[in-house]
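Participant: Sequence and predicted structure below; questions after.
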Amino acid sequence: MKITDIFKRQEKTFSFEFFPPKGYSSTLELGINIGQLIKLAPSFISVTYGAGGTTQDLSFDLIEYIQHKIGITAMAHYTCINASKTKVESDLDMLFSKNILNLMLLRGDLPQQGFKGLNQEFRHASDLIALARSKNRYCIGAAGYPEKHPESLDIDSDLKWLKNKVDQGADFIITQMFFDNDHYFNFVDKARRFGIKTRIIPGIMPITNFKQIKKFSEMCGATIPQRIITALESIQHDSTALYSAGVDFAIEQCVDLLKRGAPGLHFYTLNKSRATVDIFSSLPHALIH
């Protein structure tokens, strides 16, 4: 099933993101965590892969397993950095042959030297989206940045790029993580003024590891409100207290998003189920049904 068909049936969608495991123990752990999250009946599941496509085959295998063995609609991440058109078309055909019709299409992270020495047939996610759309097969997701992409000069120039991705064929947008809901709603309002009419789903990352989340937020340009930093810094080495506080902040964020009209939630699980289960299970029934 295409995710756009799910949108027709569900006013709000709730989805989870995983990445492929790298070893035996992490495979077992991922299986347990997926089992826990499946009980929440997600609208769909997405699967990422490593930088430069380093775990691409594992990712595609996991996608196929989730969709055909578990029976949940799955979305494959696919990046185009340093890729040739021949390779991209081959991969897209392979996914289609496995009935994987939902794609999150991204440029991918640039190496430190930028495009120097790389294949430049695809410089932007919009180039990849245009190619996939020309096949007339897929449901296509694109990434949005409530506080702008780190490489963009400002939010307006970033929204021009986002509008281009939609114009080239993106069906919906999932945002990068953020911790101040005003950033999300301001982003949506500005996107609408730019003529972007697609569904914009907020991406949620619970704070259960303070050092890790600070690193992630710096990489993607997401700011952590000072009130959260102040509350968490003093307990960052107390894993139990940090987990409890991080989950509470995420619940507060999710409730506010849904009350203010967000069309669902997309959880970046980091392959861990406990926080997502605790957060989702704590949301008022009326907000998720």
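Facilitator: Ah, there it is. Numbers count the residues shown, from 1 in each chain.
Participant: All the helices of the stretch 51-200 of the chain, in order from the start?
Facilitator: Ranges of helices within the stretch 51-200 of the chain are 56-65, 85-97, 125-134, 155-168, 181-193, based on DSSP state H, counting those that start in this stretch.
Participant: In terms of secondary structure, what does the third one contact?
Facilitator: Translated: helix 125-134. If you count contacts as 3 or more CB pairs under 8 Å, 6 or more residues apart in numbering; DSSP states H and E, helix 125-134 packs onto helix 85-97, strand 102-106, strand 139-144, helix 155-168. Placement of C-beta: from N, CA and C, glycine included.
Participant: I'd like to know which of those is closest to Phe7.
Facilitator: Comparison of the helices and strands packed on helix 125-134 against Phe7 by CB to CB identifies strand 139-144 as nearest, at 9.5 Å.
Participant: just the angle between that closest one and helix 155-168, please?
Facilitator: In terms of direction (axes from the mean of the first three to the mean of the last three CA atoms, to 10 degrees), strand 139-144 departs from helix 155-168 by 170 degrees.
Participant: Report the angle between strand 139-144 and helix 125-134.
Facilitator: Using the same axes, to 10 degrees: strand 139-144 against helix 125-134 is 170 degrees.
Participant: so how far is strand 139-144 off the chain centroid?
Facilitator: 9 Å (CA atoms, centre = their mean, to the nearest Å).
Participant: low-confidence ranges in the stretch 1-150 of the chain?
Facilitator: The stretch 1-150 of the chain contains residues with pLDDT under 70 at 24, 50-55, 110-119.
Participant: ok so, going back, nearest to Arg9 among the helices and strands packed on helix 125-134 would be which one?
Facilitator: Here strand 139-144 is closest among the helices and strands packed on helix 125-134 (CB to CB), at 13.9 Å.
Participant: Report all helices and strands that that closest one contacts.
Facilitator: Using 3+ CB pairs under 8 Å, 6+ apart as the contact test, the elements touching strand 139-144 are helix 3-9, strand 102-106, helix 125-134, helix 155-168, strand 172-177.
Participant: got a list of contacts for it?
Facilitator: Strand 139-144 has contacts (CB atoms under 8 Å, 6 or more residues apart in numbering) with 2-5, 46, 75, 101-106, 125, 129, 132-133, 162, 165-166, 169-176, 187, 191, 200.
Participant: cool, and stretch 3-13?
Facilitator: If you take CB under 8 Å, 6+ apart as the criterion, stretch 3-13 is touched by 43-44, 73, 75, 102, 139, 141, 171-172, 199, 201, 258, 262-266, 287-288.
Participant: what does stretch 59-72 give?
Facilitator: 18-20, 34, 38, 42, 44-45, 47-49, 73-77, 94-95, 98-100.
Participant: got it, and stretch 248-258?
Facilitator: The contact list for stretch 248-258, computed with CB under 8 Å, 6+ apart, reads 12, 179, 181, 184, 202, 204, 206-207, 228, 231, 265, 275, 279, 282-284, 287-288.
Participant: Can you tell me which of those residues are buried?
Facilitator: 12, 179, 181, 184, 202, 204, 206-207, 228, 231, 265, 275, 279, 283 (16 or more other CB atoms under 10 Å).
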